[in-house]
Every structure is written in C-alpha cells, then in structure tokens.
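Asker: The amino acid sequence is not available; the structure is as follows:
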Ligand SMILES: Nc1nc2c(ncn2[C@@H]2O[C@H](COP(=O)(O)OP(=O)(O)OP(=O)(O)O)[C@@H](O)[C@H]2O)c(=O)[nH]1
C-alpha cells in the first residue's frame with residue numbers, strides 16, 4: 001500500500017515514524033515504571049521522553065500526539081521533585097498513556113492519508129524448508145506482522161547487523177541438523193535482554209534435553225513447523241505493547257497516618273489506591289472504586305476486619321476479590337481465624353515494603369488471570385457472551401460522545417467445513433477467525449464469541465458506514481487465509497447496527513436481523529441494519 005504514495009506523502013510518512021517511535025519509547029518507559037519503584041531519576045527519564053515527543057509531534061504536525069503528550073507534561077508538572085505521583089495523578093497519566101497507545105491503527109484504517117503508520121519491527125523467519133517459510137510469511141502478513149525471510153545463516157547474521165527483529169522464528173535444524181540451536185546461542189551472545197525466539201521442528205518432537213537447550217538460548221516456545229496459527233498467536237501476545245492497567249488497591253484502616261503511609265508505598269510502585277477510614281462506608285467505596293484487592297486492618301471501631309470481610313464476601317461480585325489483612329496482630333491463632341473468615345493472607349505490621357509489594361503483585365496478577373479465564377471463551381480467548389454484553393453496556397455508558405457500531409459475524413456454511421474436514425479443522429477455523437479479528441481491530445474494540453461459529457464485535461468510534469468498510473476489508477483478507485495447510489477457503493457474513501440510544505437487546509436484534517439479510521442475500525457480505533430488509 002505504501003508503494004503507491006507520492007514522494008511528498010512518503011516523506012511525510014517517514015517523519016511520522018519518528019513520532020510513533022517516540023510514542024513507543026514513552027509507553028515502554030511507562031510500562032517499566034511500576035516494575036521498579038518510582039525514583040527522581042526515572043521520573044526525569046520519563047519526562048524527557050515526553051518532552052521529546054512534544055517536540056517531534058510539533059515538528060511533524062501530529063496534533064493528536066502533541067495534545068496527549070502535553071497532557072502528560074501538565075500532570076508531571078504537578079509532581080514535586082523527589083515525590084512520586086499520587087493515585088489521581090497515576091490515574092490521569094495512565095489514561096493518557098492508554099489514549100496514546102490507542103493511536104495505533106486498525107489494519108483497515110486509511111494508511112495513505114494523514115494517519116501515522118506505526119513502524120513494526122520485523123519478525124525473522126529462518127526455516128530450512130523454503131516452502132514452509134513462504135507459507136508462514138504469507139500468513140503472518142495477513143495477521144499484520146512483518147515477516148522477513150532469512151534463507152541462510154549468513155543472510156541471518158547480516159540481517160541482525162542491520163536491524164534487531166521483534167522476534168525470531170527459528171527451525172531447530174536451520175542450516176543443518178541441530179545448527180538452529182547453535183545459531184540461537186551465538187545470536188544471544190552476551191545480550192542483556194535476550195531476543196525472543198520461537199523454535200520450530202519438523203517430524204520428530206524435541207526431547208526434554210532439546211527443550212532445555214532452547215530455553216537456555218532465549219527460546220520461549222517450540223512448535224511444529226506447520227502449526228502456523230500457534231506461532232502467530234504466541235507472537236501476538238509477545239508483541240502486544242498495550243500498557244498494563246495499574247493495580248487498584250483499597251486500603252481500609254481507621255488510622256489515617258497508617259493508611260497514608262501504606263498508600264505512599266503503593267503509589268511509589270505505580271499502584272492506584274483509595275483509602276477508607278470508616279469501615280461502615282466500605283460498600284459504597286467498593287462499588288465506586290472497583291479495586292483489584294483490599295488491604296484491611298483487623299481492629300477498627302464500628303466493626304472488625306473479620307466481620308467486614310464476611311459482609312464483603314456475601315456480595316456475589318466480590319467473591320473472588322482478594323482480601324489481605326495488614327495488622328499489628330501477632331497471635332498466630334487469631335491470624336488463622338481471620339483468614340478462615342474470608343481473608344486470603346495476613347501481613348503483620350510493620351511490613352517490609354518489598355514484601356508487601358510482592359505479595360500484592362502476585363495476588364492481583366493471579367486474580368486478573370482468573371478473571372480473564374472466567375470472562376473468556378476457552379477455544380478462542382475472546383470474551384464470552386455475557387462479558388461481551390457487559391462490555392457493550394460499559395461502552396454505551398462511557399462513550400456517549402462517539403459513534404458505536406455493533407457487528408455480528410457468522411461463518412458461512414460452517415456445517416460443511418465440519419462435515420467435510422472434521423470437527424478439529426472446524427475448531428481451527430474458529431480460532432483462526434478469532435485471531436484474525438483480534439489482529440485486524442484495535443485493542444480497544446471488544447470482540448466476543450457469541451455462539452458456536454458466531455462472533456460479535458463492538459466497534460468504538462465507528463459509524464455504521466465505517467464499520468461496513470472495516471468489516472469488508474477484514475472479510476476480503478480472511479477469504480485468502482489458508483487453514484489446515486490446505487487451500488480450504490472460508491468466508492463469513494456480517495450484520496452491522498449503529499447505536500442510536502436504543503436498548504442493548506434492540507441493538508443486538510437489529511444487527512442479528514442484518515446478519516440474517518446478509519445470509520439470505522448470498523452470504524460472504526456485510527449488511528447494514530435497515531438496508532435491504
Ligand atoms: N468445529 C466446531 N463446530 C461448531 C462449534 N460450534 C458450533 N459448531 C457447528 O457449526 C455448525 C453451524 O451450522 P448452521 O447453523 O447450520 O449454519 P452453517 O452451516 O454455518 O450455514 P450458514 O450459517 O447458513 O451459512 C453446526 O454444524 C455446529 O455443530 C465448535 O465450537 N466447533
């Protein structure tokens with residue numbers, strides 16, 4: 001697509017890469033901050049990176065990026081030297097960073113106009129079998145990755161000198177039996193941050209010894225060479241650069257001084273906190289703040305921590321919410337009794353900040369993983385029916401100023417795919433479509449598996465006409481995809497309805513009706529609600 005650009009447009013695009021690269025720098029620095037404690041030095045690095053982004057955005061006329069970078073600077077200006085941001089500042093910085101990260105395009109966005117194209121680092125493919133390498137590269141392109149084939153060890157070494165890739169897909173036997181491993185070893189050398197490598201094998205699955213050797217040479221996974229889908233899926237997770245939403249911790253403690261001290265420790269580590277000094281007001285605070293975890297004192301006036309934990313657990317939505325006691329209580333029996341009453345762990349004051357932070361990080365990460373499992377469909381990793389509708393409700397509540405389109409997608413003649421090729425191939429097609437949708441849309445567009453071979457998508461900031469264009473592009477590209485290593489062509493149909501204030505069920509019914517029309521009119525097409533019915 002970029003080949004058709006005029007020289008002036010190409011020049012503009014070239015400069016816009018700099019802005020995007022600087023956006024990446026800012027996001028990367030931000031992502032690294034919570035892993036360590038905020039310090040004056042790190043704040044300075046972050047601020048300098050944002051200032052540079054403002055300059056680049058100004059110079060290369062990227063107004064949206066300039067606005068967001070200035071917002072970051074104005075929040076940073078309120079943080080006194082030597083201090084870390086408080087919860088409100090962290091929330092504000094994070095919102096802006098998320099907005100920045102969303103400036104990445106849908107694959108279907110107009111890449112020739114004023115928009116910026118994020119420059120992707122290449123993924124090097126080094127497979128002995130050239131045909132397999134070409135198939136893998138072709139499939140990767142459909143999924144929006146930037147594959148680069150390396151045909152010999154020499155080509156590979158030269159490419160590495162020119163540019164470091166985002167990741168490498170490497171045949172264990174590239175350039176000779178077992179030589180792939182040697183190549184990986186020399187490639188990692190004395191690197192501080194190893195290059196991510198996905199190994200592939202043909203015919204014989206690797207032994208435990210080989211697996212260990214790959215692990216020690218930067219290998220993150222080993223896949224059968226033709227299992228392109230798993231390789232792409234792994235790369236997608238690996239290269240996802242969206243910033244992590246900060247952990248939200250509710251501190252319940254009647255002592256203001258103690259609560260403020262704890263909040264400071266957590267804020268310094270990039271966690272957002274809210275303090276509740278009165279335990280009797282906790283239920284209101286909970287529904288407003290929606291924390292990832294509660295850190296609770298044991299003895300408070302009005303009610304004690306154990307009673308409060310029990311009351312919280314009585315509410316269905318908080319059954320999985322981790323509760324950790326932070327108390328001066330040293331009696332082991334009483335600690336155990338407290339844990340039996342709805343608490344998940346017990347930390348004794350005064351607690352070492354490192355211990356506190358590690359405990360919280362582990363608990364919240366696990367709770368989020370669990371929440372993900374509950375919210376997502378196991379075959380595709382997409383939101384399940386209930387959570388997709390929850391996301392639609394949220395979108396309607398929080399995005400009232402932008403158009404929202406709801407899209408139903410249904411694979412055409414899927415029964416025939418199952419009947420002719422078997423159920424496992426049918427499953428593979430479903431997984432391919434889900435991965436393809438994820439890759440083609442913005443991270444901010446929720447996608448769900450609505451039923452067996454039916455998907456639903458919430459397109460934010462897209463009118464029905466725009467949604468039609470987006471889905472049509474995806475539909476045409478998907479038809480080119482190869483499933484199961486053979487040319488099994490699969491198409492899908494779509495029904496689109498734009499939200500105009502109607503209820504969720506009315507909106508879903510409208511797009512369902514449009515989908516029905518698309519099927520009736522011959523399939524492999526996108527229909528808008530109200531058109532051609
Ligand atoms: N492999 C596989 N098949 C599934 C899954 N869920 C549903 N199906 C199958 O999907 C098929 C859906 O068939 P139909 O509803 O008749 O529709 P269709 O063949 O897709 O035809 P049209 O929608 O009219 O184009 C059924 O055969 C289901 O058994 C699944 O998770 N995996």
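Answerer: Ah, there it is. Being a predicted model, the structure only gives us computed values, none of them experimental. Numbers count the residues shown, from 1 in each chain.
Asker: Can you name the residues of the stretch 301-450 of the chain sitting close to the ligand?
Answerer: Those residues of the stretch 301-450 of the chain that sit near the ligand, judged by Cβ under 6 Å from any ligand atom, are 379, 410, 411, 412, 413, 414, 415, 418, 423, 426, 427, 430. (Glycine included, C-beta is placed from N, CA and C.)
Asker: Give me the buried entries from those.
Answerer: Judged by neighbour count, with 16 or more other Cβ atoms under 10 Å as the criterion, the buried members of those are 410, 411, 412, 414, 418, 426, 430.
Asker: Please list all residues in contact with the last one.
Answerer: This points to residue 430. With Cβ atoms under 8 Å, 6 or more residues apart in numbering as the criterion, the residues that contact residue 430 are 379, 380, 411, 449, 452, 453.
Asker: And for the fourth one?
Answerer: Remark: with contacts taken as Cβ under 8 Å, 6+ apart, residue 414 is in contact with 426, 429, 452, 453, 490.
Asker: The third one: what's it in contact with?
Answerer: Remark: with contacts taken as Cβ under 8 Å, 6+ apart, residue 452 is in contact with 414, 430.
Asker: how would you label it: helix, strand or coil?
Answerer: Secondary structure state of residue 452, per DSSP: H, G, I helix; E, B strand; the rest coil, is coil.
Asker: which residues touch the residue of the stretch 251-400 of the chain found nearest the ligand?
Answerer: In the stretch 251-400 of the chain, no residue comes nearer to the ligand than residue 379, which is 6.0 Å away by Cβ to the nearest ligand atom. Each residue near residue 379 by Cβ under 8 Å, 6+ apart is listed here: 427, 430, 431, 434, 449.
Asker: For it, give its distance to residue 451.
Answerer: Going from residue 379 to residue 451 by Cβ to Cβ, to the nearest Å gives 12 Å.
Asker: List phi and psi for residue 322.
Answerer: phi -70, psi 130 (degrees, to the nearest 10).
Asker: Give me the number of neighbouring residues for it.
Answerer: The burial metric for residue 322, expressed as a neighbour count using other Cβ atoms under 10 Å, is 21.
Asker: burial measure for the residue in the stretch 101-250 of the chain that the ligand sits nearest to, as a count.
Answerer: Here the stretch 101-250 of the chain gets closest to the ligand at one residue, residue 229, 14.5 Å apart by Cβ to the nearest ligand atom. Neighbourhood size, residue 229 [other Cβ under 10 Å]: 19.
Asker: The one helix or strand it maps to - contacts with which helices or strands?
Answerer: Here residue 229, judged by DSSP states H and E, is contained in helix 228-238. The contact analysis (3 or more Cβ pairs under 8 Å, 6 or more residues apart in numbering; DSSP states H and E) places helix 228-238 against helix 130-142, strand 167-171, strand 197-201, strand 219-224, helix 423-440.
Asker: In TSV: these, plus mean pLDDT and distance to residue 235.
Answerer: Supplementary listing: those in TSV, determined by pLDDT from 0 to 100; distance: least, Cβ to Cβ, whole Å:
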stretch	mean pLDDT	distance to residue 235
helix 130-142	86	8
strand 167-171	95	6
strand 197-201	95	7
strand 219-224	94	10
helix 423-440	88	10
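Asker: which parts of the chain sit against the ligand?
Answerer: When proximity is defined as Cβ under 6 Å from any ligand atom, the chain approaches the ligand at 379, 410-415, 418, 423, 426-427, 430, 452-453, 519, 523.
Asker: Specify which member of the residues you listed is nearest to residue 471.
Answerer: Comparing these against residue 471 with Cβ to Cβ places residue 410 closest, at 12.1 Å.
Asker: low-confidence ranges in this protein?
Answerer: 1-5, 9-16, 33-37, 102-120, 241-243, 484-487, 532-533 (pLDDT under 70).
Asker: In it, which residue sits furthest out from the middle?
Answerer: With distances taken as Cα atoms, centre = their mean, the residue sitting farthest from the centre of the chain turns out to be residue 331, at 43.0 Å.
Asker: any idea how far that one is from residue 143?
Answerer: Taking Cβ to Cβ as the criterion, residue 331 is separated from residue 143 by 57 Å.
Asker: Run through the strands of the stretch 301-450 of the chain in chain order.
Answerer: Along the stretch 301-450 of the chain, the segments classed as strands by DSSP state E, counting those that start in this stretch run 323-327, 345-348, 404-411, 447-449.
Asker: Arrange those in JSON lines, one row each, with distance to residue 165 as further columns.
Answerer: JSON lines is the format used below for these (distance: least, Cβ to Cβ, whole Å):
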{"stretch": "strand 323-327", "distance to residue 165": "42"}
{"stretch": "strand 345-348", "distance to residue 165": "42"}
{"stretch": "strand 404-411", "distance to residue 165": "33"}
{"stretch": "strand 447-449", "distance to residue 165": "28"}
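Asker: what about these, which gets the closest to residue 221?
Answerer: Evaluated with Cβ to Cβ, these place strand 447-449 nearest to residue 221, the distance being 23.8 Å.
Asker: wait, doesn't residue 439 sit right on residue 236?
Answerer: Yes. Taking contact to mean Cβ atoms under 8 Å, the distance of 6.3 Å between residue 439 and residue 236 places them in contact.
Asker: Between these two, which has more neighbouring residues?
Answerer: Neighbour count, other Cβ under 10 Å: between residue 439 and residue 236, residue 439 has more, with 20 against 16.
Asker: Residue 129 - how many residues pack around it?
Answerer: There are 16 residues near residue 129, going by other Cβ under 10 Å.
Asker: That one contacts residue 225, doesn't it?
Answerer: Yes. Using Cβ under 8 Å, residue 129 is in contact with residue 225, at 7.0 Å.
Asker: list residues touching both of the two?
Answerer: 171, 202.
Asker: Give me the distance between stretch 58-68 and the centre of its chain.
Answerer: Taking Cα atoms, centre = their mean, to the nearest Å, the mean C-alpha location of stretch 58-68 is offset from the chain mean by 25 Å.
Asker: Residue 360: which of the buried ones among the residues of the stretch 301-450 of the chain next to the ligand is nearest?
Answerer: residue 430 (37.2 Å).
Asker: intersection of neighbour lists for residue 439 and residue 236?
Answerer: Residues touching both residue 439 and residue 236 (Cβ under 8 Å, 6+ apart) are residue 143.
Asker: And the helix or strand residue 89 falls within, what does it pack against?
Answerer: Under the criterion DSSP H and E, the helix or strand holding residue 89 is helix 87-101. Helix 87-101 makes packing contacts with helix 7-32, helix 63-77, helix 256-268, strand 272-276 when contacts are defined by 3+ Cβ pairs under 8 Å, 6+ apart.
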